[in-house]
Structure formats: C-alpha cells, structure tokens
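J.: Build me a structure from this.
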Amino acid sequence: MQVIIPGASEGYALRLVAHSPNGGRLGVLPHHLGFEAGLPLNDVPSLKATYPAVGIGAVWLNSPVELAVEISIGGGPWLEPNDARYLVIKRDSNATDQTGANTYDCPGYAWMLRKLVLHSGPVMADGKRPFSAVSAGAILRTFTDEGQARGALPGLGVAFTTTHDSAGQPWDKALTLAIEPGADLLALLLNLSEQGVLDWTMSGRTLRVYNEGTILGEDLASGPAPVDLRLGRDIDDAPATATLEDLATAILVRGEAGLTVEVTNPSAVAPWGRWETAQSQGGVSDQGTAILLGTNALERTGRERTQLTRGIRFGAARWLPLAHYRAGDVVLAPGESGGMEPVRVRQITLSVDKDGGLGGNLVLNDRFIEREIRLARQAAGILAGGVSSGGTGGTPAPESSGRIAAAPAGLIVASAAYVDEHGYARGQITGTWSPVTVDVNGVAIDVDGYQVYARINSGGEVWQQIAVSDDTTATYSPLIVTKTYAFKVRATAQGVPGEFSAPYVAVIPDDVTPPPVPSPPVLSTRLGVIEVSWDGLAFTGATMPTDFDLVRVWMAADADGPYEVSEHLRAAGSALVTDQPYNAPRWFRFTSVDRRGNESVPTSPASIATQPLVDDDVIGKVLNGANIIDGTVNAADAVIANTITGALIQALAIDTPHLRANSVTVDQLAAGSVDAVRLTATAIDGKTITGAFIRTAATGRRLELAPPGAAYPEMRFIPASSGTNYTRLRTRDDRFAGEATFEVTSGTNSAVTAASQTTIAAGFMQMQVRDSTLTDPNGGLMELAESYARYGYFHNSSDEQYFWFDSSGRTRHVGRWWDFTALGSTAGVLAGSITVASGNSGVILSYGATMSGNMGPVSVVRDGATNPNFYWTLTASSPTGFTMSWSQGGGVFSGKALYWWSHRH
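T.: This next block holds a predicted model:
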C-alpha cells in the first residue's frame, strides 16, 4: 500500500531583482503588479511582468536592464535559479492607465546567443566551416572564443571546455558537421539539443552545457523516496489536451533512385480505417533505412497525442519546483488517466499576482512522448548525419601516388536498431565525413562522389562496398545487431578511387524497445480452477507488433508481490491455474516479451479467489448414505449450486437414461476437461477451425500453421528447438495488385549472411539468394516474366552481372569478363588488352593455356598518334594464341594499344 505523505508547510517566495546590463545588482523591484516566468528545458526562458511608473526602481526599467527572478524556501536565503535571468528589451504601455504601468515581455539571457554568429575560417569546404569528428564543446567554444575575440557578447560566461562538459564529464559524442558562416550560437544549441547531443541552461550570464540526459535529466521517480506529485497535495489541476489530427496507420517513404517503401503500423489506432501519409527522404537509398525512418514516423503518429499540464499547489505541497525538481528531471505525477507514472518535466511556469499570491503549472511528457522525441532525434541524425557516440581509429590502406583524392577526414558512424517486416531486429548505420577538396599532394581536386566500405571487425574478414554517395553522408542497412563492424570511406575523382579514411569501429546496437503493455488479465474461477484470460491486444486496444513473442502470466499471494511466472500465452487465450487454497486471493498481472527478450512494464494487477466445491459446514466431514432417510434431502434446498462434481459421484452411477436430452452443454464442462483422448476419430470431420494456432509440437522439430505475428497466411517448417531459423510458405497480396503471390523462404546459413527466396505470381517467377534478412540480393538470381527473363548474380551495383532476354528477340549482357589469362582451356570467350612496346616485328599474344578447341580471334589496334601511321593484320592463329603484324609506316611505333576478344567454337 502506498502512503501519501502530507507536505510540510514551507514558505515559498519569489521576487524580481534588477541588474545593470552585464553589470552589478541594482536592487529589488518590490511594487510589481504581477509577473509570470517560464523556464523550459533546452529553450529560451521568458518573463512577463507589469510594473507601475511610481514604483521603487521603476526608473531602472526606462533603459536596457536585466531582471532576475529569485526564490526563497522556508525563509532561507534568496537565490537565483538557472534560466532566471531576463533581458528588458520590449515594453508595452497604455496612456489611459492612470498608474502609468508598463508591461515587459523579456526573453531569457540565452536569447542574446543569437547575436553571436560564425565567421569564415582558415579552412572552408563548399563555402562551409568543416568540423571533423570533434566534440560539441569544441564546436561551441569555436563560436564563443572567436566571437568574443571580435567583441561579441562580452558578458557571456562559458563553463565547459572542448573535452569536458559543465559537470566535468568527458563529452560522450563526436560530431562531423559543415556549418555555413552566419549561423548563430543559439540555433546551434537548439539543433544539438533537439538531436539529443546535449542539454543546456543559463546560470545567470553563464552558459552551462551537459551530456544529454545527465545533470538535466535526473531520475527522481524511483528509489526509496521518489518525488511524487500528488493530486490535492502538490498539484490541484490536471488538464490534458488530446488530438488525433496527426494519426496515420501507413506511410509511403520515397527515397533516392526511385526507392519507395510502404510501412504500416498494425498497432495504430484506426477508428475510421486506414489513414495514409507520405514523406520524402532525400539521401536514403536502402530499404532498411527507409523502413527505420517510416517506422519511427508511424510511432510518432500511431496514437492520440496528449499534452499534460499540471497546476502547482504551493500551500500544502511536499515537493516544490526549483527546490526539489527542475526542468528536465523525471518525477512521478498523474498521467492522463490519473494514475501515477514517470513523466519528464519539460517546462516550469511560475507566477506571482499583485497581492503576492503564487501560482504556476508544469508541462509534462509521459514515456510515450519521450520515446517519440528520441525517435525524432534518431530520424534527424539519419537525415542530417554528423553525430556518433564514439569509435576507434585505424591505419588507412596505402594507395599509389598521383592525382588521387586525399583520404576523407572526420569519419564517424552512428548506429541504430529497427524491426523489419518479419519482426526481427536489424541494424542500420549513418556515416558522416568531411568533404575532400584536395588530392594526396594537397592540390585542389573535384571529386565525383564517395564509396563506403565495411566489414565485421575481425581478422581475415573482407572489406565490402556497402554504399555510394554524392554527399558527405551515407546510410546502409541491414546489419547484424550486437556485431562490431569497421567502416571506411574514400572519394573518387574522374573514376579513380582515392585514399581510404582511417577505419571507424562501431557496435550495432540491439533492439532494446519493449513491446507495448498488454491488456489487463480477465479472471474467473470454476470448480477450484482459476482461468486467466488475455484478448491478444495491447492495453490501447491495438494489435501487438510483429516482433511480439509471448505474454508472461505472473501470480502472487499479495498485491505487492513477490510475483512469479505461472504460465505464458503466445496468442489470445487462457491459462489455467490449479492447486490454490480456497478463499485465498491470488493476484495476477501480465507482461509482454519480444523476440529479443525485451519485456514491458506489468499491467495493473487483478485478484480472484477460488471457491469451495461444497458448503463450509460439511468440508472435512463424512456423509454416510445410511444416515440419510430416503426423500429427506431436497437438492434445491440442501445442495449448493456447482458443489457436486465428477470426483464426488460414484463411477458409472449416472447412466444415459438419467440424463435429460441436451442437459449437458459446453458451458457446463470445466476448462480443459475435454482432451484428444475423449474425441472420437471423426469428431471434427467436416468442421471449420478458426482463430487457432496449430502446431505439431510445442518445441523441437515441428510444423506451425498460422503462427502468432504472421502478417499473411503462413506455414512454418521448424527443424530445431530454437524456432528462429525455419523454412516458410506463405501467400501474400501486396506484391501485385489483385494477385495472390506464393512465396517460399529458407532459413539463414550458419554465418547469418544469406537466405533464399522463391516467388511465384501469375506473370512473374523469381529464385534469389538474398541476405540473411531476405531484404537485399546477395547471390544468384533466376527471374522469369511475361516479357523478359534474366539470369545472373546480384549483390550490389559494383558486382552485378546477368544475361537479359526479352520479347524484342535481342540479348543483353551486364557485367565484366574475366581476364583472359585466368580462365583455363575450356573458356568460351576470352577478352583482354595489352600495351605494345616500340617496334614493328609484331606481337604474339598467349591465351595462357592450350584451348580445347579451335579459336576464332577478333582483334583491333588503336593508334595513339594524332595521325595514324601504320597498317596492321592478323597473321597467325592457333589454340594457344594469335599473331598481329603491322608496318612501321614511317613513324616510330609506340603508344599503340591492342583490343580483342576470342571465342571458342
């Protein structure tokens, strides 16, 4: 049981104090006619005050001045809290007001940060200042140090360094950014805080910046003495504003090169059916990143959005703003339904009326809104790039000298996890680096674009190209979660690859987001058995997500626990709990678990007690039939309903003539009392089974029909006990409009690098080796359609090769041919080129092997001279090679190149 501790009646007072601009204290302003101060997290505070022309200190307000709000607790000293210094730069008056009062709208001191801008620096790239793999402190100090050296904001103090935040902690993130000259310091702070890089506040005139979620994100909602803001004690008003305006259940993500991906949210509220939206994501060219961005967007638009405002009650409050909690802290407070839950304080507003009466309110974010903020930050990081939690260095691979682009500097890689359409956790990365503007010799160069390579960070692993980009940011997915990868990038100039950057090592995070809280348990009891039922839905009424695994059924003898797992459910249904004592309450609650083992918070507990099978006055006693006179016991009067069970009836004592027709119905059978042994061989012949999850066994090798979480009609063949690597047959209707498409997919290989898929539709058939997530091509392909066919190998654009046959009657080949020296005697076609030295005696070109058949060489000579000066001819051919001869033609024969191919016939 929770106890609400009454508040101690502490005095709480606020006052206004005037200060000279960037100077000393002027004095208290005691005659104000009321003021209101807003103190938000990571934003510019505001103050609105009214002061009469005849009040003490009014003359100070006639010129630029600073105002501070000071606080005193319990008669203690007056202190100026963070974000409580304001600038008097705007006032309103009314000539009809006989008091001559003015109203002042004052932004916080942080507003002046917009008056310090970045100038051009010693190094510029595409007109921007590059910052390569540096801390947020290094970028901010560049702004402030250079600006103050020019004389800007001389009164501004800075309480952090390039290496440590204002709490003395090392910066936990690295950034690679290119910032245009003219950008101001306030815009940079707002942007970095919105992307989750840092938290910031003003202490008087001093800027303090912290690692995000640390000093300005204390968890005060847990522990032995949480800050619990109770209705009627700490807060007296709890309005909530809710809207469905942004609701969407499906989103179409449009990326680069014609990429379109539809993402749906089966958990979204859909009172009017499917609501669609779309977003354009420039720079996104892989499906996994598009799925991640689309999923994040739907998470933010998949439910009713609610703004929580809580009025502060000063008279009886146990916990007071700025004394016990600040903007950014997590506290316990009533949510929308009134139940206590952890919420983050986003803004504190305090007011004092002309008579000194205190008022105020809090703007709170529940855990759902905080998650939406994190998702928005993640999306911003993917689209803008430039933020990473850190990595390791390495030695770049050597390249030859010449007109080769220099290695990109400042490579950082940010990683994230997402859940694919099959419900499995996958990894996604966003790489960012500084632009390359010079070659290895420091001479200016124009680059075509960039190539990003990756490998598993282990000895002997092969580097593979994963992305190309014409900008300094690239995204890629899917990757294996929990694996450590190394990444590097290089520029290309006129098709020539440049030097690689230093490798950057990053761990792909696991999916740590738990599934939604399930709907609460529904309890019933009959015949000494407790039935715990679940409807298969989340507490919001939505369906469970694709990565849902099971619901755990927890039971305890007391509402406060301890709870133990008594059963689990993988779909809607019931769990039966037996062997519980009569009349003793048992408490039940649910948690949901996904495939990665993430577990939700529990539902609210519910209780029930089993009832005795017979009346209490005969429990433990023996009834001897000989002592009961015939006809003296009337069943209607002496037998309690449902107290005579099968166990109390003598075997074979009731035969069919004693049963009235249709007297035994389904609702009179105990749950679980009819099993397979009691069904005849043809009991369900000709019947339809609906709503069932059918499987041949609970574990081990088995077949599953319509398994939980399947998006389409599906059958799984599971060869091992783990149940996560299986073969699947399914039919889907989203590949071709109006068509049913049959799909066969394999499990993954032992290295988790490949899986295969066969697709059969009305006018389309495909067999493809894909990656382990069945997302991208990763091997051989056979594809047949009404108008074409193609056969070959697909992985990425740099190594794809295939033959194309279509209804035009022509054939096309895409790819490269092997070098002629490495194919052996059975090759069908040899091709290559050589450079010929000076002279005119001809050249003998060897195939590298004795071919097993006659050869038909085709050859041509390219003359490198401005005016061609010779003639040439093929003079000999054999299974081992052919000979080309030419005349010198009056000039020195040099700079000639020979192009040829030869086929075996």
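J.: So residue 32 sits against residue 14, correct?
T.: No. In this structure, residue 32 is not within contact of residue 14 by CB atoms under 8 Å, at 10.1 Å. Quick note: C-beta positions are derived from backbone N, CA and C, even for glycine.
J.: Helices along the chain, start to end?
T.: Counting by DSSP state H, the segments of the chain that form helices are 136-149, 185-194, 287-301, 367-384, 635-638.
J.: Common neighbours of residue 32 and residue 14, please.
T.: Taking CB atoms under 8 Å, 6 or more residues apart in numbering as the contact criterion, the residues that touch both residue 32 and residue 14 are residue 352.
J.: neighbour-wise, which of those two wins?
T.: residue 32 (22 against 19; other CB atoms under 10 Å).
J.: Quick check: the closest residue to that one other than its chain neighbours vs residue 106, distance?
T.: Here the nearest residue to residue 32 in space, its sequence neighbours aside, is residue 51; by CB to CB, 6 or more residues apart in numbering that works out to 5.2 Å. Note on residue 51: its distance to residue 106, by CB to CB, to the nearest Å, is 11 Å.
J.: And the residue nearest to residue 32, how far from residue 29?
T.: 6 Å.
J.: so where's the stretch 551-700 of the chain shaky on pLDDT?
T.: Low-confidence regions of the stretch 551-700 of the chain, defined by pLDDT under 70, span residues 613-692.
J.: can you do 50?
T.: 617-618, 625-626 (pLDDT under 50).
J.: Also the stretch 801-905 of the chain?
T.: Scanning the stretch 801-905 of the chain residue by residue, the ranges that satisfy pLDDT under 50 are 840, 889-893.
J.: Please repeat the previous calculation with a cut-off of 80.
T.: 815-825, 827-849, 853-905 (pLDDT under 80).
J.: what are the ranges of the strands in the stretch 501-650 of the chain?
T.: Across the stretch 501-650 of the chain, reading from the start of the chain, the strands by DSSP state E, counting those that start in this stretch fall at 504-507, 522-526, 529-534, 548-556, 564-569, 573-577, 586-594, 606-608.
J.: List phi and psi for the closest residue to residue 807 other than its chain neighbours.
T.: If you skip the residues right next to it in sequence, residue 807 has residue 787 as its closest partner in space, 4.9 Å away by CB to CB, 6+ apart. The phi and psi torsions at residue 787 (degrees, to the nearest 10) take the values phi -110, psi 0.
J.: Need the residues touching each of residue 51 and residue 29.
T.: Listed as contacting both residue 51 and residue 29 by CB under 8 Å, 6+ apart are 58, 61.
J.: Same drill for the two, tell me which one is more crowded.
T.: residue 51 (27 against 21).
J.: I figured the more buried one hits residue 58, correct?
T.: Yes. At 6.0 Å, residue 51 and residue 58 qualify as touching, with contact defined as CB under 8 Å.
J.: Now for these two: what residues contact both?
T.: Common contact partners of residue 51 and residue 58 (CB under 8 Å, 6+ apart): 29, 31.
J.: Spit out the contact partners of the residue nearest to residue 32.
T.: Under the contact definition (CB under 8 Å, 6+ apart), the residues listed for residue 51 are 29, 31-33, 58, 61, 101-102, 104.
J.: Closest one of those residues to residue 579?
T.: Using CB to CB, residue 32 is the member of the contacts of residue 51 that sits closest to residue 579, with 71.1 Å.
J.: how much space between the closest one and residue 23?
T.: Shown here: residue 32 relative to residue 23, a distance of 21 Å by CB to CB.
J.: Including mean neighbour count, could the strands of the stretch 501-650 of the chain go into a markdown table?
T.: Shown next, in a markdown table, are the strands of the stretch 501-650 of the chain (neighbours: other CB atoms under 10 Å):
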| stretch | mean neighbour count |
| --- | --- |
| strand 504-507 | 20 |
| strand 522-526 | 14 |
| strand 529-534 | 20 |
| strand 548-556 | 21 |
| strand 564-569 | 15 |
| strand 573-577 | 17 |
| strand 586-594 | 22 |
| strand 606-608 | 17 |
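J.: Among those, which comes closest to residue 733?
T.: For the strands of the stretch 501-650 of the chain, the distance to residue 733 is smallest for strand 548-556, at 22.4 Å, taking CB to CB.
J.: on contacts alone, who are the packing partners of the strand ranked longest in the chain?
T.: Using DSSP state E, we find that the single longest strand of the chain is strand 340-353. Other elements packing on strand 340-353 under the criterion 3 or more CB pairs under 8 Å, 6 or more residues apart in numbering; DSSP states H and E are strand 34-40, strand 330-334, strand 358-365, helix 367-384.
J.: Apply 7 Å and report the result again.
T.: Strand 340-353 sits against strand 34-40, strand 330-334, strand 358-365, with contacts defined as 3 or more CB pairs under 7 Å, 6 or more residues apart in numbering; DSSP states H and E.
J.: Can you list the low-confidence ranges for the stretch 251-400 of the chain?
T.: Looking along the stretch 251-400 of the chain with the criterion set at pLDDT under 80, you get 253-259, 265-271, 279-308, 315, 335-339, 365-400.
J.: change it to 50
T.: Checking the stretch 251-400 of the chain against pLDDT under 50 turns up 366-370, 377, 380-385, 387, 390-400.
J.: before we move on, the earlier item: what angle do the longest strand of the chain and strand 330-334 make?
T.: Strand 340-353 and strand 330-334 meet at an angle of 90 degrees, taking axes from the mean of the first three to the mean of the last three CA atoms, to 10 degrees as the criterion.
J.: Return the distance of strand 340-353 from the chain's centre.
T.: Centroid displacement of strand 340-353 relative to its chain, using CA atoms, centre = their mean, to the nearest Å, is 28 Å.
J.: what does that strand rub up against?
T.: 14, 34-41, 221, 228, 308, 321-322, 325, 327-335, 358-367, 370 (CB atoms under 7 Å, 6 or more residues apart in numbering).
J.: what's stretch 201-210 in contact with?
T.: Judged by CB under 7 Å, 6+ apart, the contacts made with stretch 201-210 from elsewhere in the structure are 22, 80, 82-83, 85, 108-110, 137, 140, 155-160, 165-167, 198-200, 216.
J.: model confidence over that stretch, on average?
T.: Averaged across stretch 201-210, the pLDDT comes to 96.
J.: picking that back up, partner strands of the longest strand of the chain, parallel or antiparallel?
T.: Using DSSP bridges, strand 340-353 pairs in its sheet with strand 34-40 (antiparallel), strand 330-334 (antiparallel), strand 358-365 (antiparallel).
J.: Give the buried residues for that strand.
T.: When neighbours are counted by 16 or more other CB atoms under 10 Å, the buried residues of strand 340-353 are found to be 340-352.
J.: all strands of the stretch 101-250 of the chain, in order?
T.: In the stretch 101-250 of the chain, the segments counted as strands under DSSP E, counting those that start in this stretch are 102-107, 129-134, 157-158, 174-179, 198-203, 206-211, 235-237, 240-243, 250-254.
J.: who wins for proximity to residue 496 among those?
T.: When the strands of the stretch 101-250 of the chain are compared by CB to CB, strand 129-134 sits nearest residue 496, at 23.0 Å.
J.: okay but residue 131 is in contact with residue 183, surely?
T.: No. The pair residue 131 and residue 183 fails to qualify as a contact (CB atoms under 7 Å) at a distance of 11.5 Å.
J.: Those two: which is more packed in?
T.: The residue with more neighbours, out of residue 131 and residue 183 and counting by other CB under 10 Å, is residue 131; that gives 21 against 16.
J.: List the contacts of that one.
T.: Taking CB under 7 Å, 6+ apart as the contact definition, residue 131 lies against 139, 175-177, 179.
J.: cool, residue 802 as well?
T.: Each residue near residue 802 by CB under 7 Å, 6+ apart is listed here: 781, 790-793, 814-815.
J.: what does residue 748 give?
T.: Residues touching residue 748, when contacts are defined by CB under 7 Å, 6+ apart, comprise 725, 754-755, 772.
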